[in-house]
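Asks: what follows is a predicted protein model with its sequence.
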Amino acid sequence: MSLCPPAHESTHRREKTGLFCPACPHESPLDGDWIADDSAAGERLLCPRCGTVVVDQPGV
């Protein structure tokens, strides 16, 4: 009997509701450390590491 997980199963699982910065390796849950840009008309979240816009949704 093997105690190791099969090769297709990862022992490290990512959060399904996570965001990933497209410019750097930063990742965090949706309610994590992202910076809310209050000057935007809608919802805009910035990466705390490099400042890249990660979410940019217009207001309704």
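Replies: That came through fine.
Asks: which helix or which strand is home to the nearest residue to residue 24 once chain neighbours are set aside?
Replies: The shortest distance from residue 24 to any non-neighbouring residue, by CB to CB, 6 or more residues apart in numbering, is to residue 50 (4.6 Å). No exception for glycine: its C-beta is placed from N, CA and C like everyone else's. Per DSSP states H and E, residue 50 falls between elements, in no helix or strand.
Asks: next, count neighbours for residue 50.
Replies: Using other CB atoms under 10 Å, residue 50 has 13 neighbouring residues.
Asks: quick one: pLDDT of the residue most central in space within the chain?
Replies: Centroid check for the chain by CA atoms, centre = their mean gives residue 19 as the closest residue, at 1.6 Å. pLDDT recorded at residue 19 is 95.
Asks: quick one: which helix or strand includes it?
Replies: strand 18-20.
Asks: note down every partner strand of that strand and its orientation.
Replies: strand 27-29 (antiparallel) (DSSP bridges).
Asks: now the partner strand: buried residues?
Replies: residue 28 (16 or more other CB atoms under 10 Å).
Asks: quick check: closest non-adjacent residue to residue 34.
Replies: In this structure, residue 34 finds its nearest non-sequential neighbour in residue 45, 4.1 Å apart by CB to CB, 6+ apart.
Asks: neighbours around the one you found, how many?
Replies: Neighbours of residue 45 (other CB under 10 Å): 21.
Asks: residues in contact with it?
Replies: By CB atoms under 8 Å, 6 or more residues apart in numbering, the contact set of residue 45 is 19, 34, 35, 36, 37, 53, 54, 55.
Asks: same thing but 7 Å
Replies: When contacts are counted by CB atoms under 7 Å, 6 or more residues apart in numbering, residue 45 touches 34, 35, 36, 54, 55.
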